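[1] When you get a sec, could you give me coordinates for this:
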Amino acid sequence: MEPKALDFFQTLLATPSPSGYESTVQQIVRDYVTPFADEVRTDLHGNVIVAKNPDSPLRVMLAGHCDQIGLIVQHIDDNGFLYIQPIGGWDPEVLIGQRMTVWTQVGPLFGVIARKPIHLLTEEERKQVPKMKDLWLDVGAASHEEAAKMVRIGDAVTVELAFRTLANQYAVSPAMDDKAGCWVVIEALRRACQGKKLACGVFAVSTVQEELGLRGARTAAFGVDPQVGIAVDVTHATDCPTIEKKEEGDVRLGRGPVIHRGPNMNHKVVERLVKAADEHQIAYQLAASARATGTDANAIQVNRAGVATGLISIPNRYMHSPVEMISLADIDRAADLLARFVESLTPGMVFTP
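    Got it, this is the predicted structure:
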C-alpha cells in the first residue's frame, strides 16, 4: 500500500462521522480525490460521488459508506452528566469504561462513560445487563449550567478515535465499519486504468447514513443510475473464539476480501469478480448470503428498474465496537480486485440473468 493511500485511510478513521454527521469526513474525501477524478460532486443527501469517464454509456457504481455508529446527546441532568441515545447498533456493555468525544460546535470535548465501581455493585446489579438509558457521559462539568455552556442537545458523540497496528498487518480502530469499504472504493477508482481511458464510467460513492437504513446508497444510486453496482462493506470474521463457522461461514483475516454469492447477487457480476481475482492472482474468500444483506448492496440492487449488483466484504473482528480489527492486506487486495473488475467491463455487456 502506498504511503499516501495509507495516510488517507488513517485520516478517514481519525475523522468523526456518526450517521447524519458526515460532512467533515466527506471534505477529506473530496480533497483526496480531486487530483485524479474527472468529476466530483456532492448530492443533497451528502453522498460524495467521484467519477472517472462519467459520460460512458455503461455506468458502474462502487459504494462504501463513510458513516459510523455513534451517539447523540439527549439530556443534561442537574449535576452536568450527559445522557445519550445510540446512532446505530451498540452493545451498551462495550461502552462502559470508554473514553469518549463530544463533537461540539466549538470543538471536541472529552469525557468518559462509566458506572459505579464493582466494589459498590450489589449482587443483583452485577447480574444485570446494562441498558443505554442507564449509562451517563461525564465531561467533568459540575452543574447543568456549566455543561450546557459546552454541549448542546443533539451534539454527536463517538468513542475516542485511535488507529493502532498489530502483528501480521492487522489494524484496530473504531469505524472500520465502513471506512475500510469507503477507502476501498476510492482507492479502486484511483488505481483503475491508470494512464489510459476506461471503457466504462466508474462512480465511486462515499455514501452516508448506511447505519440508519441504507439511506445514502438509495438516493445516490437513483442519481447515478448505474447498470452495475458493487457495495464494499465489512463482514464478520469468524476466526476467533465462540463463533460457529457452521452457522456464520469460515471467514479469516488476511485471506483476502470476501465475494458474496446468493440470491441477491447478480451471478454474472459475481463470476466476473471471481474471474478477475483468479486472473490477477488476488487472494479472495467466498461467502454465502441466503437473504438480503444489511449493506448498501441491498439498496443498490432494487434501484429504479434494478441493478446488477455484487457485494465485496472486508473481514472484521469485533464489529460495532471500539476495537474493530481488519487486515490492511485485505483492503489492499479488495482495491486491486475492484480496479481489475472495472477494467474488464465494456459497453454492450449483458448482465441479465
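[2] the helices in the stretch 1-150 of the chain, which residues?
    Counting by DSSP state H, counting those that start in this stretch, the stretch 1-150 of the chain has these helices, from start to end: 3-14, 23-33, 123-127, 144-150.
[3] Check which helices and strands the last one is in contact with.
    Taking 3 or more CB pairs under 8 Å, 6 or more residues apart in numbering; DSSP states H and E as contact, the helices and strands that helix 144-150 lies on are strand 70-76. For the C-beta atoms, the positions are set from N, CA and C on the backbone; glycine is no exception.
[4] So which elements touch the strand it packs on?
    In terms of contacts (3+ CB pairs under 8 Å, 6+ apart), strand 70-76 is packed against strand 82-87, helix 144-150, strand 156-159.
[5] That strand pairs with which strands?
    Strand 70-76 sits in its sheet next to strand 82-87 (antiparallel), strand 156-159 (antiparallel), going by DSSP bridges.
[6] Show me which positions of it end up buried.
    70-73, 76 (16 or more other CB atoms under 10 Å).
[7] contact partners of it?
    With CB atoms under 8 Å, 6 or more residues apart in numbering as the contact definition, strand 70-76 has outside contacts at 16, 18-19, 21, 82-88, 90, 100, 102, 137, 144, 147-148, 151-158.
[8] Might you quantify the distance of that strand from its chain's geometric centre?
    Here strand 70-76 is found 22 Å from its chain centre; the criterion is CA atoms, centre = their mean, to the nearest Å.
[9] likewise stretch 320-328?
    Relative to the chain's own centre, stretch 320-328 is displaced by 11 Å; criterion: CA atoms, centre = their mean.
[10] quick one: average confidence on that stretch?
    Across stretch 320-328, pLDDT averages out at 98.
[11] now stretch 121-132
    Across stretch 121-132, pLDDT averages out at 88.
[12] and that stretch, how far out from the chain's middle?
    Averaging C-alpha positions (CA atoms, centre = their mean) puts stretch 121-132 32 Å from its chain's average.
[13] For that stretch, measure first residue to last.
    Here the two ends of stretch 121-132 are set 18 Å apart, with distance taken as CA to CA, to the nearest Å.
[14] buried residues in it?
    Buried-residue list, stretch 121-132, by 16+ other CB under 10 Å: empty.
[15] Need the residues that contact that stretch.
    The set of residues external to stretch 121-132 that reach it, using CB under 8 Å, 6+ apart, is 84-86, 90, 92-93, 96, 115, 118.
[16] what do you get for stretch 150-159?
    With contact meaning CB under 8 Å, 6+ apart, stretch 150-159 is reached by 16, 18, 20-21, 68, 70-76, 82, 84, 87, 95, 98-106, 109, 137, 139, 141, 174-175, 322.
[17] let's see 6 Å
    Contacts with stretch 150-159, where a contact means CB atoms under 6 Å, 6 or more residues apart in numbering, come from 16, 18, 21, 70-73, 84, 98, 100-104, 109, 174, 322.
[18] circling back: buried members of the contacts of strand 70-76 into ChimeraX, please.
    Per 16+ other CB under 10 Å, the buried members of the contacts of strand 70-76 correspond to this ChimeraX selection:
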select :16,18,19,21,82,83,84,86,87,88,90,100,102,137,147,151,155,156,157,158
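[19] so residue 185 sits in a strand?
    No. Checked against DSSP: H, G, I helix; E, B strand; the rest coil, residue 185 lies outside a strand; its state is helix.
[20] Name the nearest residue to residue 220, ignoring sequence neighbours.
    residue 47 (4.2 Å; CB to CB, 6 or more residues apart in numbering).
[21] quick one: pLDDT of the one you found?
    On the pLDDT scale, residue 47 is placed at 98.
[22] What about residue 331, how many residues nearby?
    By other CB atoms under 10 Å, 27 other residues sit near residue 331.
[23] Check the secondary structure at it for me.
    With three-state DSSP as the basis, residue 331 sits in helix.
[24] any idea how far residue 36 is from it?
    Taking CB to CB, to the nearest Å as the measure, residue 331 falls 18 Å from residue 36.
[25] shouldn't the residue nearest to residue 220 be in contact with residue 216?
    Yes. The pair residue 47 and residue 216 qualifies as a contact (CB atoms under 6 Å) at a distance of 4.8 Å.
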